[in-house]
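Trainee: got a predicted model here, sequence first, then my questions.
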Amino acid sequence: MTKFSANLGFLWKELSLPDAIRAAADAGFEAVECHFPYDVDPTEVQSALSQTGLPMLGLNTRVGDAEKGEFGLSALPGREEEARHLIDEAFDYAAAIGCRAVHIMAGKSGGTDEAQSVFKSNLAYAAKRAATMDATVLIEPINQRDAPGYHHSTVEEARAIINSVGHDNIKVMFDCYHLQISQGDLLMRLKDNLDAIGHIQIAAVPDRGEPDAGEVDYTWLLQELDELPYDGFVGAEYKPRLDTNSGLAWLKAFQA
């Protein structure tokens, strides 16, 4: 049966991060993940994780200057020092809360050759840092509709980058929402790339709401996923159409 993780970057946003962890446990999630926890004392997060028994699966490096439209720095030429500071910050925070994966946000590089070289160098740096704590580096293909100019948008691009960098602790964040928009054919892409996938996320397409409507049949897809040798969690990274609690019928149905 699929194990679900609550992405607290979108779910229970009205609560503090520690209280959102508790809400996720009460709702029946078996794990949590987040985006940018850095304004919260990690001891408070660790306390909530210990209280609930939920693991924190992953967090993101900061985006940079969001007011300027930045969405990650690790593939931006000339920003290497800042990017590595954010990588170090993310792994320091992850270590403090027992989190074992960090998503390295590439940024809106336009996909140039120079940007590719910078990204690979920063990923190698992150992989070496991750190895000191037995952690995983994640990179996520993000669709060009939501994030025009993002460095990579397909699972094949992400896999090629990973192969080129050559560290086996770098994996793909397979976000079904983004990849349905960019490519489609989700089941075959999952099967073809399963050995390179470190985490899977879901949301409805096209509205990014609860995974119970739209063009992806997650009831079918997750049943098929259960037949594959994937023993990780599936992250619920969706934006509630109303509020988190009123939209959880999908979870109860999928866990039945």
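Mentor: That came through fine. Residues are numbered from 1 along each chain as shown.
Trainee: and whichever strand or helix holds residue 163, what's buried?
Mentor: For residue 163, the element it lies in under DSSP states H and E is helix 155-165. Neighbour counts over helix 155-165 (16 or more other C-beta atoms under 10 Å) mark 155, 157-159, 161-162, 165 as buried. Quick note: C-beta positions are derived from backbone N, CA and C, even for glycine.
Trainee: of these, which is the nearest to residue 176?
Mentor: residue 155 (10.7 Å; C-beta to C-beta).
Trainee: so the closest one touches residue 174, yeah?
Mentor: Yes - between residue 155 and residue 174 there is a contact under C-beta atoms under 8 Å: 6.6 Å.
Trainee: now the common contact residues for those two.
Mentor: Counting by C-beta atoms under 8 Å, 6 or more residues apart in numbering, the contacts common to residue 155 and residue 174 are 189, 193.
Trainee: my read is that residue 187 contacts residue 223, right?
Mentor: No - Residue 187 is not in contact with residue 223 according to C-beta under 8 Å; the separation is 10.4 Å.
Trainee: what are the ranges of the strands in the stretch 1-150 of the chain?
Mentor: With DSSP state E, counting those that start in this stretch as the criterion, the stretch 1-150 of the chain has strands at 3-7, 31-33, 59-60, 101-103, 136-139.
Trainee: so what touches stretch 92-99?
Mentor: The contact list for stretch 92-99 (C-beta under 8 Å, 6+ apart) reads 37-38, 42-43, 45-46, 49, 55-59, 100-102, 133, 135.
Trainee: dump that stretch to CSV, keeping only the CA atoms.
Mentor: C-alpha atoms of stretch 92-99 as CSV (Å, rounded to 0.1, in the frame of the first residue of the first chain):
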residue,chain,number,x,y,z
ASP,A,92,23.0,22.0,8.3
TYR,A,93,19.2,22.3,9.0
ALA,A,94,18.6,18.8,7.6
ALA,A,95,21.2,17.4,10.0
ALA,A,96,19.6,19.2,12.9
ILE,A,97,16.2,17.6,12.4
GLY,A,98,17.2,14.2,11.1
CYS,A,99,16.1,14.9,7.5
